[in-house]
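[1] fold the following, please.
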Amino acid sequence: MRFLPFAAVALALAAHGTPARAQVLDQWVQYAPGDTVLLRAITSNTGSGSICPTASVDGRAVHLRERFVPDSDFPILECEASVPIGGHQAMIGGVPLRMPLAHPRRIVVIGDTGCRIKGTAAQACNDPVAFPLQRIAYFVANFAPDAIVHVGDYFYRESPCPQGAGVDCTGSPYGDNWGSWNADWFGPAAALIASAPIAQTRGNHESCGRGQNGWYHLLDPFPYNPAAVTCTKGSTYDFEPPYTVKMGPTTLLMFDSSFANDTTGSTSPTVISTYKSELSQILSTLSGNVIYVTHKPTYGLIGVSDTGIVSGGDNDEQNVFSDGVPQPIKLLLSGHIHNYQAVQLTSKAYAPQLVVGISGTALDPDGVPTDQQHATYQASPSTTATTVSTADLADFGFAVLDATGVGYRGTIYDLNGAVLAHCAIDLDDRRLACTQ
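    Modelled structure (predicted):
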């Protein structure tokens with residue numbers, strides 16, 4: 001195992017531990033469209049004369065600019081600069097950060113990371129075991145990843161901690177504002193954010209009318225658009241354009257499925273036609289091996305019917321892929337279901353599905369705990385397919401993908417760094433084989 005220098009982790013955590021003495025609260029490198037990355041920083045200085053921190057790449061000065069005007073919901077200063085992918089080390093506010101490698105050998109995947117408080121449903125946000133994102137972030141940093149992929153859902157503190165909930169969430173911030181986003185993501189994930197460049201997918205918790213305020217202020221990889229911040233459910237801002245991230249011979253296709261419908265038997269013609277159009281345009285420009293990174297899984301696992309049919313995927317995406325998953329997509333990588341899951345269908349017309357929604361928020365019960373071999377899977381509302389195998393496990397953790405000659409060797413770890421499962425990912429053959 002490779003380890004990140006302790007100083008880099010300590011610097012990231014020190015900013016959160018002593019915000020009154022530190023100008024920069026967070027700094028990170030984020031993959032963005034057009035073979036670029038964003039150098040980003042958040043500072044607590046928003047008064048008269050506040051300026052962005054200094055930044056550089058391999059000693060070359062880079063000028064960070066204010067992303068948005070601070071307001072009552074986000075009384076912080078976020079600064080950013082778009083730079084071409086290249087170089088070895090960035091510096092923001094004196095903190096060293098790794099730039100992307102041309103051929104990342106180790107990719108860590110996390111997803112569904114915030115602490116759930118909504119109505120009477122509450123998670124023990126003050127308990128580091130019940131809400132283990134900070135612990136997971138330490139382990140991720142110590143694995144020294146070359147890149148990190150977040151498959152969506154950061155913001156979960158939608159309501160105040162309910163009285164008599166029986167769990168310790170007392171004093172938690174709530175609502176789509178900096179306090180909640182800092183508590184859900186930036187604070188506990190500080191070590192992780194500082195450890196490697198990160199590609200970040202939008203989840204349904206960041207969709208319009210829910211958590212769009214924080215998404216568009218803080219994490220959206222596109223230029224800031226003030227109109228998007230107040231978007232309503234179903235608006236055009238619920239459909240961000242897809243983009244690609246190069247990971248050596250593999251391309252990540254970052255796709256926004258935050259507004260897709262995963263209610264049983266329900267579909268949206270608008271969503272389906274929009275997704276088909278977006279995919280046909282971008283896939284025509286791609287070749288080689290592509291991993292489709294999106295929040296909602298096309299082939300998830302929710303349950304088995306009385307007739308033995310396995311189901312659980314996103315209905316809109318299944319309709320988009322009703323004739324099979326188009327090439328050159330080789331693997332579907334998602335979150336949304338708060339489990340680790342793997343689905344391999346017999347027909348190579350369907351790409352295999354890996355779900356990693358286990359990195360902080362309250363877990364879902366195992367929907368299909370028994371491996372379903374040669375079972376019937378509801379691949380779309382009108383199409384069924386046969387499974388080779390499935391896996392479904394409810395444990396907090398993260399995935400590590402180590403590059404091989406044909407794809408990746410995947411290892412699923414729990415929050416203590418113990419191995420939960422091994423997965424052989426053959427992208428050339430569209431094959432995912434996992435053992436627990």
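
[2] CA atoms for contacts and neighbours, from now on please.
    Will do.

[3] how many residues are close by residue 169?
    Using other Cα atoms under 10 Å, residue 169 has 21 other residues around it.

[4] looks to me like it is in a helix.
    No: for residue 169, which was evaluated using DSSP: H, G, I helix; E, B strand; the rest coil, the result is coil, with no helix membership.

[5] does it touch residue 161 like I think?
    Yes: under the contact definition of Cα atoms under 8 Å, residue 169 touches residue 161, with a separation of 5.7 Å.

[6] can you list residues touching both of these two?
    Counting by Cα atoms under 8 Å, 6 or more residues apart in numbering, the common neighbours of residue 169 and residue 161 are residue 122.

[7] so how far does stretch 355-368 reach from one end to the other?
    Its start and end residues considered, stretch 355-368 measures 13 Å (Cα to Cα, to the nearest Å).

[8] centre of the chain to that stretch, how far?
    14 Å (Cα atoms, centre = their mean, to the nearest Å).

[9] got the buried residues for that stretch?
    355-364, 366-368 (16 or more other Cα atoms under 10 Å).

[10] likewise for stretch 58-70?
    62, 64-68, 70.

[11] quick one: which of the residues you listed sit in helices?
    Among those, no residue falls in helices (DSSP state H).

[12] lowest-confidence helix or strand of the protein?
    Of all the helices and strands that make up the chain, helix 6-17 has the lowest average by mean pLDDT, DSSP states H and E, namely a mean of 48.

[13] right, and the helix or strand after it?
    Downstream of helix 6-17, the next assigned helix or strand under DSSP states H and E is strand 24-32.

[14] packing partners of that next one?
    Helices and strands in packing contact with strand 24-32 are listed as helix 6-17, strand 36-43, strand 95-98, helix 190-193, strand 198-200, strand 243-247; criterion 3 or more Cα pairs under 8 Å, 6 or more residues apart in numbering; DSSP states H and E.

[15] if you set the cut-off to 6 Å instead, what comes out?
    Judged by 3 or more Cα pairs under 6 Å, 6 or more residues apart in numbering; DSSP states H and E, strand 24-32 is in contact with strand 36-43, strand 198-200.

[16] and the angle from the longest one to strand 243-247?
    Taking axes from the mean of the first three to the mean of the last three Cα atoms, to 10 degrees, strand 36-43 and strand 243-247 form an angle of 100 degrees between their directions.

[17] strand 36-43: partners in the sheet, and parallel or antiparallel?
    Sheet partners assigned to strand 36-43 using DSSP bridges are listed as strand 24-32 (antiparallel), strand 77-84 (antiparallel).

[18] using PDB, list the CA coordinates for the first one.
    Going back to what we said before, that points to strand 24-32. Listed in PDB are the C-alpha atoms of strand 24-32, where the atom choice follows Å, rounded to 0.1, in the frame of the first residue of the first chain:
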ATOM      1  CA  VAL A  24      -7.900  29.000   3.100                       C
ATOM      2  CA  LEU A  25     -10.500  26.500   4.300                       C
ATOM      3  CA  ASP A  26     -10.300  24.100   1.400                       C
ATOM      4  CA  GLN A  27      -8.300  23.700  -1.700                       C
ATOM      5  CA  TRP A  28      -8.600  21.000  -4.400                       C
ATOM      6  CA  VAL A  29      -8.000  20.000  -8.000                       C
ATOM      7  CA  GLN A  30     -11.100  19.100 -10.000                       C
ATOM      8  CA  TYR A  31     -11.500  17.500 -13.400                       C
ATOM      9  CA  ALA A  32     -13.500  19.700 -15.800                       C
END
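
[19] need the contact partners of it.
    The set of residues external to strand 24-32 that reach it, using Cα atoms under 6 Å, 6 or more residues apart in numbering, is 15, 37-43, 193-194, 197-199, 221.

[20] give me phi/psi at residue 214?
    Phi and psi for residue 214, reported as degrees, to the nearest 10, are phi -70, psi -40.

[21] pLDDT at it, what is it?
    Per-residue pLDDT puts residue 214 at 98.

[22] can you tell me how far it is from residue 203?
    Between residue 214 and residue 203 the distance is 12 Å, computed by Cα to Cα.

[23] what about those two, which has more around it?
    Under the criterion of other Cα under 10 Å, the comparison of residue 214 against residue 203 puts residue 203 first, with 29 against 23.

[24] please enumerate the helices of the stretch 151-300 of the chain.
    Counting by DSSP state H, counting those that start in this stretch, the stretch 151-300 of the chain has helices at residues 178-181, 190-193, 212-214, 226-229, 269-283.

[25] for residue 119, which of those is the nearest?
    Go through those one by one with Cα to Cα and the one that ends up closest to residue 119 is helix 178-181, at 15.4 Å.

[26] including mean neighbour count, mean pLDDT and distance to residue 136, could the helices and strands packed on strand 24-32 go into CSV?
    Rendered in CSV, the data for the helices and strands packed on strand 24-32 read as follows (neighbours: other Cα atoms under 10 Å; pLDDT from 0 to 100; distance: least, Cα to Cα, whole Å):
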stretch, mean neighbour count, mean pLDDT, distance to residue 136
strand 36-43, 24, 97, 22
strand 198-200, 25, 98, 15
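
[27] can I get the buried residues of stretch 355-368 in CSV with secondary structure, pLDDT and distance to residue 394?
    As requested, the buried residues of stretch 355-368 are exported to CSV (DSSP: H, G, I helix; E, B strand; the rest coil; pLDDT from 0 to 100; distance: Cα to Cα, whole Å):
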residue, secondary structure, pLDDT, distance to residue 394
355, strand, 98, 11
356, strand, 98, 10
357, coil, 98, 9
358, coil, 98, 7
359, coil, 98, 11
360, coil, 98, 12
361, coil, 98, 11
362, coil, 97, 10
363, coil, 98, 6
364, coil, 96, 7
366, coil, 93, 6
367, coil, 92, 9
368, coil, 96, 11
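
[28] most widely separated two among those?
    Farthest-apart pair in the buried residues of stretch 355-368 is 360 and 368; separation 21.0 Å (Cα to Cα).

[29] and the residue nearest to residue 382 when sequence neighbours are not counted, which helix or strand is it part of?
    By the measure of Cα to Cα, 6 or more residues apart in numbering, the closest residue to residue 382 outside its immediate chain neighbours is residue 322, 7.9 Å from it. Under the assignment given by DSSP H and E, residue 322 is not contained in any helix or strand.

[30] which helices and strands sit right next to the biggest strand by length in the chain?
    Scanning the chain for the longest strand, with DSSP state E as the assignment, gives strand 383-393. Contacts of strand 383-393 with other secondary structure elements, assessed using 3+ Cα pairs under 6 Å, 6+ apart, are made with strand 340-345, strand 376-380.

[31] out of those strands, flag the one nearest residue 52.
    Taking Cα to Cα as the criterion, strand 340-345 is the member of the helices and strands packed on strand 383-393 that comes nearest to residue 52, at 39.5 Å.

[32] and stretch 230-249, which residues are buried?
    Within stretch 230-249, the residues that count as buried by 16+ other Cα under 10 Å are 231, 237-240, 242-247.
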